[in-house]
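S.K.: just a sequence and a predicted model for now, questions to come.
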Amino acid sequence: MVAIEQLTSRRPALVWHKEASLDAADLVIIPGGFSFGDYLRCGALAGRSPIMNAVLDHAARGGAVMGICNGFQILTETGMVPGVLIRNAGLKFSCRNIGLRPCETLASPFTIGLDLGEDLTIPIAHNEGNYFADADELDRIEGNGQVAFRYAASDAAGPVNPNGASRDIAGVLSNNGRVLGMMPHPERAMSKLHGGTDGAKFLLKSLEALVS
Amino acid sequence: MTSASDVMTFENAVTMGLSRDEWDLINQRLGRTPNLCELGIFSAMWSEHCSYKSSKKWLKTLPIDGPQVIEGPGENAGAVDIGDGLAAIFKIESHNHPSFIEPYQGAATGVGGILRDVFTMGARPVALLNALRFGAAEHEKTRHLVGGVVSGIGGYGNCIGIPTVGGEINFDKSYNGNILVNAMAVGLANSDRIFRSAATGPGNPVIYVGAKTGRDGIHGATMASAEFSDETESKRPTVQVGDPFTGKLLMEACLELMASDTVLSIQDMGAAGLTSSSVEMASKGGLGMEIDLDLVPAREENMSAYELMLSESQERMLMVLKPDATETARAIFNKLDLDFMPIGRVTETGRLILLKDGGTACDIPIGPLVDDAPEYDRPHCDAPIRKQLASSDITNDAPISHMLKTMLGHVDLASRRWIYEQYDSQVMADTIAGPGGDAALVRVHGSKRGLAMSTDCTPRYVEADPKIGGAQAVAEGYRNLSAIGATPLAVTNNLNFGNPEKPEIMTQLVESVLGMGDAARQLDTPVVSGNVSLYNETGGKAIQPCPVIGMVGVIENVDDAVGNCFVAAEQDIFVIGQGDKTNDGWLGVSIYQQHHGDDGIYAPPPLDLVAEQKTGSFVRQQILGGSISAAHDIADGGLVVAIAEMAMRSGFGADIAVPTTGNLHGWAFGEDQARFVVTTADSQELIAAAKEAGIEITKLGMVSDQGELKFGDSDTISITDLNAVFEGCIPALMAG
Amino acid sequence: MQAIVNISLKEGVLDPQGRAISHSLNDLGFNEVGDVRVGKQILLEIDETDPARLRQRVARMCETLLSNTVIEDYSIEIPDEQ
Amino acid sequence: MQAIVNISLKEGVLDPQGRAISHSLNDLGFNEVGDVRVGKQILLEIDETDPARLRQRVARMCETLLSNTVIEDYSIEIPDEQ
Ligand SMILES: Nc1ncnc2c1ncn2[C@@H]1O[C@H](COP(=O)(O)OP(=O)(O)O)[C@@H](O)[C@H]1O
Ligand SMILES: [Mg+2]
């Protein structure tokens, strides 16, 4: 919320999960957190809350949706992006900075402004960010240009791939490129004092592409 | 009103941890023999955990006043003025025993409990910290306990969405059978909208909100007051399970309700559940309370009055509302699927009356439960006198780099990254400095103001000399906050000790509270809240005494804060503060001494509180004035460890000049107090300022971009090598 | 009536938790332990008297919420069924 | 041989996960669902041919690692046992 306001000077509308409808919007963001305590499977219960039908409709009309962290998990639970997110291979919650590499993708407002050669430094904070799909499915989404980001570097100690994700995948797109799910938190890298500015850079480019 | 079979005997009282005198007193105050429910209530209220019967006399000696203090000890948490009409509200609390039995849930519910203490006061929690003590690294249970506790702390804090920004952890064999898990929460409120717990207005409704009551955690308060034995491990159902999701809903509902003008008083249900919350609310208001237990939302069937009153089910609160506000309040709680139930009313009788199944389950005067709670002046003795360890008795000729490298793999010095990466330290997006720095720094949302905080204690110093150790914990907190540029305001404390019925343990408690008081007075950081955890023993052996200090301070503008990493090559490195005049360094009860396998107890480094205040203030002023670019207080491991830490986290190296006189290892690893390592881009200015302030300042060397530490001309080690040892230790321990 | 749903990871899906348990058991001296897989068991109290209908409804619950069929298999037990 | 360990929360111990699932199922229109409890099911491949010994060893594993008997109960199934 604060991050979006900082970038657009406009206050986004906040929608309660029990609402059943959604006003017309340029972009629906499903943020991180632990919806419903992440009980059963992360994102599973939230993925079935009333508002999600409206989000599905919005996406079906070609609306843009971004799911961050728990939001990504919710998107996979509803099938809006392919694959699933399972428990980190290390079986531990992990909160730290990672290097995020933009990939070549199909046309998408979320990736169109990004430089392929330029890694972004953005924090992760999750327990279930281990992206999984079977090999055929992975080949398919790679072939379609649906892989938006891969893990590319880590700070000081720790492996490059922080959670065991298949093929280092950190973010994926829907097959029309209008829905993005990503594990890292761009909204946590909004200023120099505060995790760097790469998150702001990425969000701003997406917003520019979406709000013409 | 009670059936004959429900009339208690002295034998029953003993099983609940009461003494003969206490039993007699209860009978005398009631003018009759209590029933089970009544006896349970007395035993819980008079337990060490709720009544502070062994520590009260000494807690009264702590300084609790100051212009910054809005609320001192006595409420759910303390409150201090941080400017801009805001108050920081904070407290620390132990969950030692439950965490040993069920590490994940014990730690998780510890976090949940302390968060409730803070939001009960009307504050939105903004940060969590902790202080942990585990047994020897190689002990068979340690790995399992560390893993469970750390994931439990993260499990609750991450899920409820409050960042865990700091803490501390040590290992010592004395905690093999009794770990310490202390959790601290810090919140923010408007200073004129702080909620308190005294019941008001006879006739006003008493409302139960939150989760339902089950049979979990019955008599947790008495368990926390009893020594550990093998039997305790079979006292099964005393462990509660936390539900952070419900905790989050409860927090949001309470804060939403408190934003309106409807809540007269509010109290969380912590230790001893409905018993302590109702009794405390009524007693603080000088009133009585009548509760219909049949109305208490229960999770299980056929719960007795005793069980309902003593259950420690989590995520519950009790409040007194304005009579006409009930329906508005109900709507807020119902929207979030939380129970909301008027269960009784405030009365003028001064009695606690509990109705159940059409009869009276309990009718006792509240006065004796609180005011007549026993207060003991337990015998204590003189603190032991310790010999000073001469540095030359322990040091050798090994190069500094060699010693440094092995010491960084000491479990009490090594990187805590494995632990703190499991905590979401950034959620809510206001964390400016999370774990890894000297103090954590959290921005006041929407402003430049920052709250600084840390938790500290060095048990080996307390064991060696409890008075110095108690004072040192405060001084170290003061140093940590000063090192980032923050002004310390107040402290909360958690007194973890063994069995106070033993004079030598009581001595530790008394002396360290006295030391703590001296330091808090000198450093102007009054004690505004705290917690006492006694009987931390197994098989008759006490833990190393651990009076933890949680300190909170403020910085006007977070942009002025500095970190503890080198920031640029060619900046000069100084040590500020005196240290040992002979240049031999203080190695008694240091990490260096431990590292040599010498577990003798010697005199700890002397502490000069005036010097602490002078150097701390100087460093803070120079940071705020812009002439210090990075600062790190010197603590465990001494000067060279501090320098190495500043280097490892920055990627820069340093060229350090070594002294030509005195004891080299003592200079490098001595733990003399009241000192900081700092860097500056303007040495002239810093030196001049120090001269003027009468502060000792010594140049150590210069930051380099060489990726190595150089000590003198011939002793060099790469930062990569140091990092490997530093970062590798805890992951290796946890991998087994 | 009661229904029990057992949910297990599909074959081919990595089970890091199972692997960690197997490791730990080996470390503790249970060297005979090989592969370990961890699943969920969900017990539901359901207001329904016809076992066949019950099974059908529970299958629907599994498909809509209880299991993620991309990676999980489920099986249903009705203890009162004959 | 295979052993199956079912681990469930002791009666009386709060099961927040079960509660949330029950709620969610109700919201999705499965109004017949009452209490829900969630447990773990652990499948172990074990190099042991004697079912009785197997059961004994697995019980030991449960006590030392697989379950925390403070809040959990466990039961062991040996499918090949006759
Ligand atoms: N060591 C201590 N120093 C100062 N105050 C203390 C100490 N221990 C407890 N207190 C204060 O006593 C009161 C009761 O504490 P406690 O029983 O832990 O509260 P709660 O029931 O909210 O957990 C609180 O106001 C607490 O801050
Ligand atoms: Mg409280």
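M.R.: Structure received. Ligands and ions are numbered 1, 2, ... in the order given.

S.K.: what residue ranges in chain A score low on pLDDT?
M.R.: Scanning chain A for pLDDT under 70 picks out A:1-2, A:154-157, A:212.

S.K.: can you pull the contacts of the residue in it that chain B sits nearest to?
M.R.: Closest contact between chain A and chain B, by Cβ to the nearest Cβ, is at A:G37 (3.0 Å). Any C-beta I mention is one placed from the backbone N, CA and C, and that applies to glycine too. By Cβ atoms under 8 Å, 6 or more residues apart in numbering or on different chains, the contact list for A:G37 reads B:C159, B:D243, B:P244, B:F245, B:T246, B:K248, D:P16, D:Q17, D:A20.

S.K.: which one is the third one nearest to, not counting chain neighbours?
M.R.: Read it as B:P244. B:C159 (3.8 Å; Cβ to Cβ, 6 or more residues apart in numbering or on different chains).

S.K.: and residue 129, what does it touch?
M.R.: By default, I'm working from chain A. Here A:G129 is in contact with A:C69, A:L85, A:N88, A:S94, A:P162, A:N163, A:A165, A:A170, A:M183 (Cβ under 8 Å, 6+ apart).

S.K.: switch to chain B, that's the one I care about
M.R.: Counting by Cβ under 8 Å, 6+ apart, B:L129 touches B:92, B:164-167, B:183-186, B:440, B:453-455, B:550.

S.K.: can you redo those as a markdown table with neighbour count?
M.R.: Shown next, in a markdown table, are the contacts of B:L129 (neighbours: other Cβ atoms under 10 Å in any protein chain shown):
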| residue | neighbour count |
| --- | --- |
| B:I92 | 26 |
| B:T164 | 32 |
| B:V165 | 31 |
| B:G166 | 33 |
| B:G167 | 24 |
| B:A183 | 34 |
| B:M184 | 32 |
| B:A185 | 31 |
| B:V186 | 29 |
| B:A440 | 30 |
| B:M453 | 29 |
| B:S454 | 31 |
| B:T455 | 29 |
| B:G550 | 32 |
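
S.K.: nearest to chain C among those?
M.R.: Closest approach between those and chain C, by Cβ to the nearest Cβ: B:T164, at 23.4 Å.

S.K.: the closest residue to B:R386 other than its chain neighbours and B:K322, how far apart?
M.R.: Leaving aside its sequence neighbours, B:R386 sits nearest to B:A603 (Cβ to Cβ, 6+ apart; 4.2 Å). According to Cβ to Cβ, to the nearest Å, B:A603 stands 59 Å off from B:K322.

S.K.: same check on B:M184?
M.R.: Distance from B:M184 to B:K322, by Cβ to Cβ: 33 Å.

S.K.: next: B:E290.
M.R.: Distance of B:E290 to B:K322, computed by Cβ to Cβ: 18 Å.

S.K.: for A:P162, same thing?
M.R.: Using Cβ to Cβ, A:P162 is found at 51 Å from B:K322.

S.K.: more neighbours, those two?
M.R.: Applying other Cβ atoms under 10 Å in any protein chain shown to A:P162 and B:K322 shows that A:P162 carries more neighbours, namely 26 against 17.

S.K.: please name the nearest non-neighbouring residue to the more buried one.
M.R.: Excluding the flanking residues, the one nearest A:P162 by Cβ to Cβ, 6+ apart is A:S94, at 5.3 Å.

S.K.: okay, now the sheet partners of the strand ranked longest in chain C, with direction.
M.R.: For chain C, the strand that runs over the most residues, judged by DSSP state E, is strand C:33-46. Sheet pairing here is set by DSSP bridges, and for strand C:33-46 it gives strand C:2-9 (antiparallel), strand D:33-46 (antiparallel).
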